[in-house]
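J.: Would you be able to build a 3D model of this:
(4 chains)
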Amino acid sequence: MMAIKMFDGNGAAVEAIRLARPGVIAAYPITPQSSIAEHLADAVAEGAIKAEYVRVESEHSAMSISIGAQLTGVRVATATASVGLALMHEVCGVAAGCRVPIVMPVVNRSLVAPWSLWCDHSDTMAERDTGWLQFYASTVQEILDLQLCAYRISEHEDVMIPSMVCFDGFYLSHSMQRVDTPSDEEAWDFVKPYVKKNMYLDTKDVMFINDLCPTVEHTEMKYQQMMGFKRAAQVSDEIFAEYEKRFGRKLKQVEAYRLEDAEVAVVTIGSMSGTGKYVVEQLREKGIKAGLLRICMFRPFPDQKIHEALKNIPVIGVIDRSCGLGGAQGPVCSEVKAAMYGENSKIYGYIGGIAGRDISDGSFRKIFDELLGIKEGKSETVSTWFDVEENAMNIREVETNANV
Amino acid sequence: MEKQQDMPTSTPAKRRVLGPCSHILVAAHTGSWRMERPQVEEEACIRCGICSKYCPTACITVNKEGCPLEFDWHYCKGCGICANECPRQALSMIPEGSGE
Amino acid sequence: MHKIKFYGIGGQGAVTAAKILSIAVSLHQNEYAITVPAYGHERRGAPVFAHIIVDDKPVLLNCYVYEPDIVVVFDENLIDMGVDVGEGCTENTILVINSGNEEMIRRYKDTYGFKKVFACNATEAALKNIGLNIPNSAMLGALAHSGVVEIGAVVSAVTESFGKVGEKNGKAARYAYEHTCEA
Amino acid sequence: MLTYKTQPKGAVSPGINTCQGCMIDVIFRNVLDIMGEDTVLVIPPGCSAQFSGCGPEASVTVPGIQGNLENSAAIAAGIAAGFKYQGNDHTQVVSIAGDGATVDIGIQSLSGAMERNDNILYICYDNEAYMNTGIQGSSSTPLAASTTTTPAGKPVNSKDLMQIVMAHHVPYAASASIANLPDLRKKVKKAKEIKGCRVLHIMSPCPTGWGYKMSKTVEVAREAIQNGSWVLMEYEDGRVKLGKKPSQLGDVEKYFSMQKRFKGVTQEEKEEVSRHLIERYEYLEKLAAL
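T.: Presented below is the predicted three-dimensional model:
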């Protein structure tokens, strides 16, 4: 029995965790994730989740504990954001390399410096090559849906790769929305009990995990991980299909929105996508053939699906919510361009929405205007940093006593 | 609550493991490192076993009768701790290849 | 579609009110809402904003409200705190304000050009019914006059959201609804 | 799953690539002998990682995981939590980490585990520097000792791990030494019987790093006990218990002369070290008298 429940994004993540019945929880509070750590503690205290709650002293230990616990054969729960994820980085690699299929909600928040509490994707994009699957939700509903699916995908014996279920800080984490929620039984029937496989810590079946791996084997270990990602692409399609059959909601690695006949399109990721679709509708009403492609699964990167969806679109803008400093493009744009290699589409990278700057309907209208200008041959360049202020270089002008 | 022994595992007799783990107990041939070897003076040895306890490679067997000490030359690194710790100075280090 | 912006001061529960409004329209009117709170560093006394979009179909927009249909002011002093509650408003924008002071209400009308104003002394409603100076439930009661949400939905959502003090908050909301006047 | 190509000595392979004269093998063998086969090990990188194995080759007969340098206590805590959830109250979770992995980079995760009183046995074998990577100084390196990162001798005293541990009110902690194996075994046995976070701090001199003949490891460790450089003690139920009083407390002359790492030490420094050892011991005596 599905029921409509009200959750903010963090609440939906906690609900998905509850439905997956973890045995050990270790989460360190960090804005804007804190209410996940709090609600998990509440749920354990109230008996809604029958788990060991380890009140950790850092994210680094949260992930370390998660790895240790899951290797004993229990599903674990943890969650983080921003600098917390950065602190975890080292151990995230261990989870991936040891094939510990942890599912972790990550509430997207900017990395320092400057200090910020607000949303962008610099935290998870910095983790994109750590060996984790990455899903980016665009609604609160999808946080729950993706997380439930992530358990199945990560824990699939051909995959065995941990997952980050990423969602935008405040825009989703603190946005109260109605969520179609499966019953405990239905969800359990879908997620299924955790079965320890591959490597584990069991005194009846001895192995020593993560010992020094000589060079002659290391490439092969990485190849195994790469093959896991390959399978994850197929497995996620299967799991998404099963999820739709059971619960009636369609999840996709990439979502094509009015792309069939589109002449200009934007590529989005995360919570900005809804606003983008809204603007596509507005433009369509005016007779402009606009479309949108939303990337939901970023790792493994669904390059072929993206290629297929965008190949006939002459002008494309890709919006990154992280800066990709020093890169040829933002990370999403770089990947999209690689996926589109050989096509004649003109692809432009946009960078904005940094540290909570709102990506509004106005932002999308501006971007579409520019792309249409390109399409019509009126211009050849776009404002890559579309929301940067003109006085960017001079926002601090100070009196100084130093002789410089 | 599920007990560990009741938890299902997917462990067939022979299976593939993905990722790094060690699962074959081996020993390094540390005896080849030896430059000196301990030699026991049988009359002086009181079979107290101190050498054996302190031997890092646990390669000394103390016999109750006959030759008091046996060394597993495959592993003895020749560090000399046994000789140094012997309360009766019954052990001495001699160059590898010399002596009996 | 209704685009609503809440203006409050830290500690008044404006962000919570936005969440409860979402519950009210979603669970009790079978509509849809998104809320985007604009948190600062969490501290009492700082201006707080929340953006809510309500529609009878799933809301695509997931951004701030720039052209509000309804502005809800939780504290009449915001006008003197450098907060421009008239930002993006037109003469059709409805103001719902926590004030029993006609002079203050007039200042809001004159400064920002609001034509339609619902005023309610929500602070008094809160003190009377909850015993605390947290006007959020009462403001939702007053907001019901704007037509975006039914008072019954507000009372239900408020009651179920506040646990032990749910009943009291529900009363505050209804009291405020009954004591709201068009100014 | 473990297949045997060789007969282990106890729970440890007979041939381990630890340096000649290194006694970590003895610590592992004794600890695993007492803890039994129902034990899971957590080992960070470092000298003790010789016991994690290499490639498919294993060195111990119990399961385990090699974590990162700083998170042995946290991984162990996670394993303990996993077992607890599954109703497994018998499997022992043991971390064996060096001083760098404990008092330097690992102090945070150890502190967390001690504060939460996670059900683990944490063992720090202390060779007073990062020996595996080339004798770099750690916060356990004693005053005046020279290492590759304190070439002129360490200008400050080492951290006092036992006092840090005691400040966490763990149920049991003890210091031990490879120079006194019966005492070491007794303390491991005691730790095994206690639930909660237990910490053992075991001195394990390093012939390579300290600069003495490899046959002298036990002798050097014994000398450290005699002059108070290494104090054998226990902390149980909030009470401190000291071992036998050092016979030559503060007399570091012989100890220093045995080791190259103290080669350039001046008379002044020796006196400072000596004063420190005496003061520390007297302070511990006061704690023990409480």
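J.: The lowest-mean-pLDDT helix or strand in chain D and chain A, are they touching?
T.: Least confident helix or strand, chain D: strand D:3-4 with a mean of 94, by mean pLDDT, DSSP states H and E. No: Strand D:3-4 is not in contact with chain A by Cβ under 8 Å from any Cβ of the partner chain; minimum separation 9.7 Å. Yep, even glycine has a C-beta here, placed from its N, CA and C like the rest.
J.: after that strand, next one along is what?
T.: With elements assigned by DSSP states H and E, the helix or strand that comes after strand D:3-4 is helix D:24-35.
J.: Which is the succeeding secondary structure element to that next one?
T.: In N-to-C order, the element after helix D:24-35 by DSSP H and E is strand D:39-43.
J.: Show me what that next one is packed against.
T.: On a contact count with 3 or more Cβ pairs under 8 Å, 6 or more residues apart in numbering or on different chains; DSSP states H and E, strand D:39-43 meets strand D:64-66, helix D:72-85, strand D:92-98.
J.: Of all these, which one comes closest to chain B?
T.: helix D:72-85 (6.9 Å; Cβ to the nearest Cβ).
J.: by how many degrees do that closest one and strand D:39-43 diverge?
T.: Computed by axes from the mean of the first three to the mean of the last three Cα atoms, to 10 degrees, the angle separating helix D:72-85 from strand D:39-43 equals 150 degrees.
J.: can you give me how far helix D:72-85 is from the chain middle?
T.: Helix D:72-85 has its C-alpha centroid displaced from the chain centroid by 20 Å (Cα atoms, centre = their mean, to the nearest Å).
J.: give the contact list for the nearest residue to B:E85 once chain neighbours are set aside.
T.: Closest residue in space to B:E85, ignoring its immediate chain neighbours: B:Y54 at 5.0 Å, by Cβ to Cβ, 6 or more residues apart in numbering or on different chains. Listed by Cβ atoms under 8 Å, 6 or more residues apart in numbering or on different chains, the contact partners of B:Y54 are B:I81, B:C82, B:E85, D:M23, D:V26, D:I178, D:L181, D:V218.
J.: Please list the residues of chain C that sit near chain A.
T.: C:15, C:18-19, C:22-23, C:26-27, C:32-39, C:41, C:59-64, C:66.
J.: give me that answer again for 6 Å
T.: By the rule Cβ under 6 Å from any Cβ of the partner chain, the part of chain C lying against chain A is C:19, C:22-23, C:26, C:34-37, C:60-64.
J.: ok, back up a step: of all the helices and strands packed on strand D:39-43, which one is nearest C:M1?
T.: Of all the helices and strands packed on strand D:39-43, it is helix D:72-85 that lies closest to C:M1, at 47.6 Å by Cβ to Cβ.
J.: Could you list the paired strands of the least confident helix or strand of chain D along with their orientation?
T.: strand B:24-25 (parallel) (DSSP bridges).
J.: count of residues packed around residue 100?
T.: Looking at chain A here, since you left the chain open. 26 (other Cβ atoms under 10 Å in any protein chain shown).
J.: could you do chain D instead?
T.: Neighbours of D:G100 (other Cβ under 10 Å): 30.
J.: ok, now which ones touch it?
T.: Each residue near D:G100 by Cβ atoms under 6 Å, 6 or more residues apart in numbering or on different chains is listed here: D:Y130, D:S138.
J.: isn't there a strand covering it?
T.: No: if the criterion is DSSP: H, G, I helix; E, B strand; the rest coil, then D:G100 is helix and not within a strand.
J.: Pull up the gap between it and D:M35, please.
T.: 24 Å (Cβ to Cβ, to the nearest Å).
J.: Nearest to chain C, out of the contacts of B:Y54: which one, please.
T.: For the contacts of B:Y54, the nearest to chain C is D:I178 (53.3 Å; Cβ to the nearest Cβ).
J.: wait, doesn't that closest one sit right on D:M23?
T.: Yes: if you go by Cβ atoms under 6 Å, D:I178 and D:M23 touch, sitting 4.1 Å apart.
J.: Now for these two: what residues contact both?
T.: D:S204.
J.: neighbour count winner among these two?
T.: D:M23 (29 against 26).
J.: dump the residue contacts of the more buried one.
T.: B:P56, D:I178, D:S204, D:T217.
J.: SS state for the first one?
T.: In three-state terms, and counting by three-state DSSP, B:P56 is coil.
J.: which residues touch the spatially closest residue to it that is not a sequence neighbour?
T.: Using Cβ to Cβ, 6+ apart and skipping the chain neighbours, the partner closest in space to B:P56 is D:D25 (4.5 Å). Contact analysis of D:D25 by Cβ under 6 Å, 6+ apart lists B:P56, D:I16, D:T18.
J.: Just want the phi and psi numbers for the last one.
T.: For D:T18, the backbone dihedrals (degrees, to the nearest 10) come out as phi -80, psi 160.
J.: What of the second one?
T.: Taking degrees, to the nearest 10, you get phi -120, psi 140 for the backbone angles of D:I16.
J.: Please read off the pLDDT at it from the model.
T.: At D:I16, the predicted lDDT confidence score is 95.
J.: Is there a neighbour count for it? I'd like the number.
T.: For D:I16, the count of nearby residues is 23 (other Cβ under 10 Å).
J.: And the contacts of D:M23, which two are furthest apart?
T.: So, the contacts of D:M23 by Cβ to Cβ: farthest apart are B:P56 and D:S204, at 10.5 Å.
J.: Give the buried residues for stretch A:260-279.
T.: Within stretch A:260-279, the residues scored as buried using 16 or more other Cβ atoms under 10 Å in any protein chain shown are A:262-279.
J.: got it, and stretch C:20-37?
T.: Within stretch C:20-37, the residues that qualify as buried by neighbour count (16+ other Cβ under 10 Å) are C:20-29, C:31-37.
J.: Hmm, D:S158 and D:P142 touching each other?
T.: Yes: if you go by Cβ under 6 Å, D:P142 and D:S158 touch, sitting 5.0 Å apart.
J.: Chain neighbours aside, what residue packs nearest to the residue of the stretch 51-200 of chain D found nearest chain B?
T.: Proximity of the stretch 51-200 of chain D to chain B (Cβ to the nearest Cβ) peaks at D:G53, 3.0 Å away. Sequence neighbours aside, B:S22 is the residue nearest to D:G53 in space, at 3.0 Å (criterion: Cβ to Cβ, 6+ apart).
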